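Undergrad: need a 3D model of the following:
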Amino acid sequence: MPGGRLTQQERQQIALGLADGLAYAEIARRLDRPTSTITREVMRNGGPTAYRADLAHRATEHRARRGQTARRDPGTRPQPHGRDAEAVREYEEVFTTVLMASGMPKMMARVLACLCLTDTGSLTASALAQRLQVSPASVSKAIAFLESQGLVRRERDGRRRERYVVDDDVWYQSMMASARSIAQVVEIARQGVGVLGSGTPAGVRLENIARFLDFVSESTARAAEQARDILGTKPATPSDGAA
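TA: Okay, here's the model as predicted:
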(Lines give C-alpha, C1' and ligand atoms only; values in the text may rest on other atoms or scores of the structure.)
Protein backbone atom coordinates (compact mmCIF):
# COMPACT_ATOMS: atom_id res chain seq x y z
CA MET A 1 0.00 0.00 0.00
CA PRO A 2 1.55 3.33 -0.97
CA GLY A 3 2.33 5.72 1.86
CA GLY A 4 3.01 9.40 2.20
CA ARG A 5 1.10 12.28 0.69
CA LEU A 6 -1.21 11.90 -2.26
CA THR A 7 0.35 12.68 -5.62
CA GLN A 8 -1.15 15.03 -8.16
CA GLN A 9 -1.99 12.01 -10.38
CA GLU A 10 -3.85 10.38 -7.48
CA ARG A 11 -5.80 13.58 -6.90
CA GLN A 12 -6.79 13.59 -10.56
CA GLN A 13 -8.06 10.02 -10.15
CA ILE A 14 -10.04 11.11 -7.10
CA ALA A 15 -11.63 13.92 -9.11
CA LEU A 16 -12.52 11.52 -11.93
CA GLY A 17 -13.98 9.05 -9.44
CA LEU A 18 -16.13 11.73 -7.85
CA ALA A 19 -17.32 12.86 -11.28
CA ASP A 20 -18.35 9.26 -11.99
CA GLY A 21 -20.28 9.11 -8.73
CA LEU A 22 -18.00 6.54 -7.10
CA ALA A 23 -18.07 6.07 -3.33
CA TYR A 24 -15.00 7.02 -1.30
CA ALA A 25 -14.37 3.34 -0.53
CA GLU A 26 -14.27 2.44 -4.24
CA ILE A 27 -11.92 5.32 -5.06
CA ALA A 28 -9.70 4.27 -2.17
CA ARG A 29 -9.67 0.66 -3.42
CA ARG A 30 -8.61 1.74 -6.90
CA LEU A 31 -5.78 3.86 -5.48
CA ASP A 32 -4.83 1.26 -2.86
CA ARG A 33 -5.32 3.88 -0.14
CA PRO A 34 -7.31 3.85 3.12
CA THR A 35 -10.86 5.13 2.73
CA SER A 36 -10.17 7.64 5.52
CA THR A 37 -7.40 9.18 3.40
CA ILE A 38 -9.78 9.80 0.51
CA THR A 39 -12.55 11.10 2.77
CA ARG A 40 -10.18 13.52 4.51
CA GLU A 41 -8.70 14.68 1.20
CA VAL A 42 -12.10 15.42 -0.36
CA MET A 43 -13.69 17.09 2.67
CA ARG A 44 -10.61 19.22 3.28
CA ASN A 45 -10.72 20.52 -0.30
CA GLY A 46 -14.27 21.61 -0.95
CA GLY A 47 -16.30 18.44 -0.60
CA PRO A 48 -17.46 15.97 -3.29
CA THR A 49 -19.18 18.57 -5.47
CA ALA A 50 -16.41 21.20 -5.41
CA TYR A 51 -13.25 19.07 -5.35
CA ARG A 52 -10.63 20.07 -7.94
CA ALA A 53 -7.40 18.11 -8.24
CA ASP A 54 -5.12 21.05 -9.13
CA LEU A 55 -6.54 23.30 -6.41
CA ALA A 56 -6.33 20.50 -3.85
CA HIS A 57 -2.69 19.84 -4.73
CA ARG A 58 -1.72 23.51 -4.39
CA ALA A 59 -3.65 23.82 -1.13
CA THR A 60 -1.86 20.78 0.29
CA GLU A 61 1.54 22.20 -0.63
CA HIS A 62 0.58 25.47 1.02
CA ARG A 63 -0.54 23.69 4.20
CA ALA A 64 2.71 21.71 4.27
CA ARG A 65 4.78 24.89 4.06
CA ARG A 66 2.63 26.53 6.72
CA GLY A 67 2.99 23.50 8.95
CA GLN A 68 6.78 23.57 8.62
CA THR A 69 6.78 27.24 9.56
CA ALA A 70 4.56 26.54 12.56
CA ARG A 71 6.85 23.77 13.77
CA ARG A 72 9.84 26.13 13.57
CA ASP A 73 7.96 28.89 15.37
CA PRO A 74 8.73 28.74 19.12
CA GLY A 75 5.48 30.59 19.77
CA THR A 76 3.32 27.79 18.36
CA ARG A 77 0.65 26.83 20.90
CA PRO A 78 1.59 23.54 22.63
CA GLN A 79 -0.91 20.69 22.55
CA PRO A 80 -2.02 18.83 25.69
CA HIS A 81 -2.02 15.04 26.15
CA GLY A 82 0.89 14.60 23.75
CA ARG A 83 -1.20 15.43 20.68
CA ASP A 84 0.41 16.13 17.32
CA ALA A 85 -0.19 19.86 16.72
CA GLU A 86 -0.12 19.46 12.93
CA ALA A 87 -2.59 16.55 13.01
CA VAL A 88 -4.94 18.56 15.25
CA ARG A 89 -4.75 21.57 12.92
CA GLU A 90 -5.45 19.43 9.85
CA TYR A 91 -8.38 17.73 11.57
CA GLU A 92 -9.84 21.10 12.55
CA GLU A 93 -9.73 22.11 8.87
CA VAL A 94 -11.58 18.94 7.87
CA PHE A 95 -14.16 19.38 10.63
CA THR A 96 -14.73 22.98 9.55
CA THR A 97 -15.13 21.93 5.91
CA VAL A 98 -17.72 19.30 6.81
CA LEU A 99 -19.72 21.87 8.81
CA MET A 100 -19.57 24.24 5.83
CA ALA A 101 -20.72 21.46 3.50
CA SER A 102 -23.79 21.10 5.73
CA GLY A 103 -24.67 24.73 4.98
CA MET A 104 -23.00 26.58 7.85
CA PRO A 105 -21.19 29.85 6.95
CA LYS A 106 -17.40 29.66 7.12
CA MET A 107 -16.73 31.82 10.21
CA MET A 108 -19.54 30.15 12.15
CA ALA A 109 -18.10 26.74 11.19
CA ARG A 110 -14.61 27.77 12.30
CA VAL A 111 -15.85 28.99 15.68
CA LEU A 112 -17.94 25.87 16.31
CA ALA A 113 -15.10 23.55 15.30
CA CYS A 114 -12.70 25.44 17.56
CA LEU A 115 -15.05 25.12 20.53
CA CYS A 116 -15.72 21.43 19.88
CA LEU A 117 -12.02 20.60 19.79
CA THR A 118 -11.18 22.15 23.16
CA ASP A 119 -11.18 19.78 26.12
CA THR A 120 -13.35 22.11 28.20
CA GLY A 121 -15.77 22.88 25.36
CA SER A 122 -15.71 26.57 26.27
CA LEU A 123 -13.65 29.64 25.39
CA THR A 124 -13.86 33.39 25.87
CA ALA A 125 -14.33 35.75 22.93
CA SER A 126 -10.72 36.93 23.21
CA ALA A 127 -9.42 33.35 23.23
CA LEU A 128 -11.46 32.51 20.13
CA ALA A 129 -10.24 35.62 18.33
CA GLN A 130 -6.63 34.76 19.18
CA ARG A 131 -6.88 31.11 18.16
CA LEU A 132 -8.63 31.85 14.86
CA GLN A 133 -6.65 35.05 14.13
CA VAL A 134 -9.82 37.04 13.48
CA SER A 135 -11.39 40.18 14.90
CA PRO A 136 -13.58 40.15 18.03
CA ALA A 137 -16.40 41.49 15.84
CA SER A 138 -16.18 38.39 13.62
CA VAL A 139 -16.34 36.15 16.68
CA SER A 140 -19.33 38.08 18.05
CA LYS A 141 -21.23 37.72 14.76
CA ALA A 142 -20.47 34.00 14.57
CA ILE A 143 -21.55 33.42 18.17
CA ALA A 144 -24.82 35.29 17.59
CA PHE A 145 -25.59 32.96 14.66
CA LEU A 146 -24.62 29.79 16.54
CA GLU A 147 -26.63 30.87 19.55
CA SER A 148 -29.69 31.45 17.37
CA GLN A 149 -29.33 27.84 16.16
CA GLY A 150 -29.04 26.54 19.71
CA LEU A 151 -25.47 25.37 19.07
CA VAL A 152 -23.72 27.39 21.79
CA ARG A 153 -24.69 28.98 25.06
CA ARG A 154 -23.20 31.80 27.13
CA GLU A 155 -22.11 31.65 30.74
CA ARG A 156 -19.95 33.65 33.15
CA ASP A 157 -16.80 32.22 34.70
CA GLY A 158 -15.32 33.00 38.10
CA ARG A 159 -13.73 36.19 36.75
CA ARG A 160 -17.06 37.40 35.36
CA ARG A 161 -15.85 36.87 31.81
CA GLU A 162 -18.38 35.71 29.26
CA ARG A 163 -17.59 32.25 27.91
CA TYR A 164 -19.16 30.40 25.00
CA VAL A 165 -19.96 26.77 25.66
CA VAL A 166 -20.71 23.73 23.51
CA ASP A 167 -21.61 20.47 25.28
CA ASP A 168 -24.08 17.58 25.19
CA ASP A 169 -27.00 19.70 26.36
CA VAL A 170 -26.28 22.29 23.66
CA TRP A 171 -26.64 19.61 20.97
CA TYR A 172 -29.93 18.52 22.53
CA GLN A 173 -31.18 22.10 22.56
CA SER A 174 -30.06 22.54 18.95
CA MET A 175 -32.01 19.46 17.85
CA MET A 176 -35.10 20.67 19.67
CA ALA A 177 -34.73 24.11 18.07
CA SER A 178 -34.52 22.39 14.68
CA ALA A 179 -37.69 20.42 15.44
CA ARG A 180 -39.52 23.62 16.41
CA SER A 181 -38.34 25.33 13.23
CA ILE A 182 -39.62 22.45 11.10
CA ALA A 183 -42.93 22.53 12.98
CA GLN A 184 -43.32 26.19 11.99
CA VAL A 185 -42.92 25.24 8.33
CA VAL A 186 -45.58 22.57 8.83
CA GLU A 187 -48.00 25.15 10.24
CA ILE A 188 -47.40 27.57 7.37
CA ALA A 189 -47.78 24.79 4.79
CA ARG A 190 -51.14 23.82 6.24
CA GLN A 191 -52.26 27.44 6.19
CA GLY A 192 -51.40 27.40 2.48
CA VAL A 193 -53.66 24.40 1.96
CA GLY A 194 -56.56 26.47 3.25
CA VAL A 195 -55.67 29.38 0.99
CA LEU A 196 -55.04 27.40 -2.20
CA GLY A 197 -57.69 24.72 -1.70
CA SER A 198 -57.21 21.16 -0.49
CA GLY A 199 -58.29 19.66 -3.82
CA THR A 200 -55.95 21.70 -6.01
CA PRO A 201 -52.52 20.47 -7.19
CA ALA A 202 -50.77 23.20 -5.18
CA GLY A 203 -52.88 22.44 -2.11
CA VAL A 204 -52.13 18.72 -2.35
CA ARG A 205 -48.43 19.48 -2.69
CA LEU A 206 -48.45 21.65 0.44
CA GLU A 207 -50.37 19.02 2.38
CA ASN A 208 -47.79 16.40 1.41
CA ILE A 209 -45.02 18.75 2.51
CA ALA A 210 -46.77 19.34 5.83
CA ARG A 211 -47.31 15.62 6.47
CA PHE A 212 -43.71 14.74 5.66
CA LEU A 213 -42.18 17.53 7.75
CA ASP A 214 -44.61 16.93 10.61
CA PHE A 215 -43.36 13.35 10.81
CA VAL A 216 -39.72 14.53 10.66
CA SER A 217 -40.28 17.16 13.35
CA GLU A 218 -41.93 14.73 15.75
CA SER A 219 -39.30 12.06 15.09
CA THR A 220 -36.45 14.53 15.64
CA ALA A 221 -37.86 15.73 18.96
CA ARG A 222 -38.59 12.17 20.12
CA ALA A 223 -35.10 10.96 19.15
CA ALA A 224 -33.46 13.91 20.92
CA GLU A 225 -35.42 13.20 24.10
CA GLN A 226 -34.56 9.50 23.98
CA ALA A 227 -30.89 10.19 23.30
CA ARG A 228 -30.65 12.58 26.25
CA ASP A 229 -32.34 10.05 28.55
CA ILE A 230 -30.15 7.15 27.41
CA LEU A 231 -26.85 8.99 26.96
CA GLY A 232 -27.38 11.61 29.65
CA THR A 233 -24.56 10.48 31.94
CA LYS A 234 -21.70 12.87 31.29
CA PRO A 235 -18.04 11.82 31.63
CA ALA A 236 -15.75 13.91 33.80
CA THR A 237 -14.51 16.95 31.92
CA PRO A 238 -10.70 17.19 31.91
CA SER A 239 -8.88 20.45 32.43
CA ASP A 240 -8.40 22.30 29.15
CA GLY A 241 -4.88 23.30 30.09
CA ALA A 242 -3.21 24.70 27.00
CA ALA A 243 -5.73 23.14 24.64
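
Undergrad: what about the strands in the protein?
TA: For the chain, the strands defined by DSSP state E cover 122-124, 153-156, 162-165.

Undergrad: give me the average confidence score over the shortest one.
TA: Mean per-residue pLDDT for strand 122-124: 92.

Undergrad: identify all contacting residues around that strand.
TA: With contacts defined as CB atoms under 8 Å, 6 or more residues apart in numbering, strand 122-124 is touched by Cys114, Leu115, Arg131, Glu155, Asp157, Arg161, Glu162, Arg163, Tyr164, Val165, Val166, Asp240. In this view, the C-beta of every residue, glycine as well, is placed from N, C-alpha and C.

Undergrad: report the buried members of these.
TA: Buried members of these, scored by 16 or more other CB atoms under 10 Å, are Cys114, Leu115, Arg131, Arg163, Tyr164, Val166.

Undergrad: nearest to Ala101 among the residues you listed?
TA: Cys114 (17.5 Å; CB to CB).

Undergrad: who's in contact with the closest one?
TA: Residues in contact with Cys114 (CB under 8 Å, 6+ apart) are Glu92, Leu123, Leu128, Arg131, Leu132.

Undergrad: tell me where the model's unsure across the chain.
TA: For the chain, applying pLDDT under 70 flags the ranges 1-3, 63-80, 233-243.

Undergrad: all helices for it, in order.
TA: For the chain, the helices defined by DSSP state H cover 8-19, 24-31, 35-44, 53-72, 85-101, 106-116, 125-132, 136-148, 168-196, 201-230.

Undergrad: deepest-packed of those helices, please.
TA: Across these, averaging neighbours per residue (mean count of other CB atoms under 10 Å) puts helix 106-116 on top, at a mean of 21.

Undergrad: how near is the residue positioned nearest the centre of the chain to Met43?
TA: For the chain, the residue sitting closest to the mean C-alpha position, by CA atoms, centre = their mean, is Leu99 at 2.6 Å. When CB to CB, to the nearest Å is the yardstick, Leu99 and Met43 sit 10 Å from each other.

Undergrad: nothing else from me, thank you.
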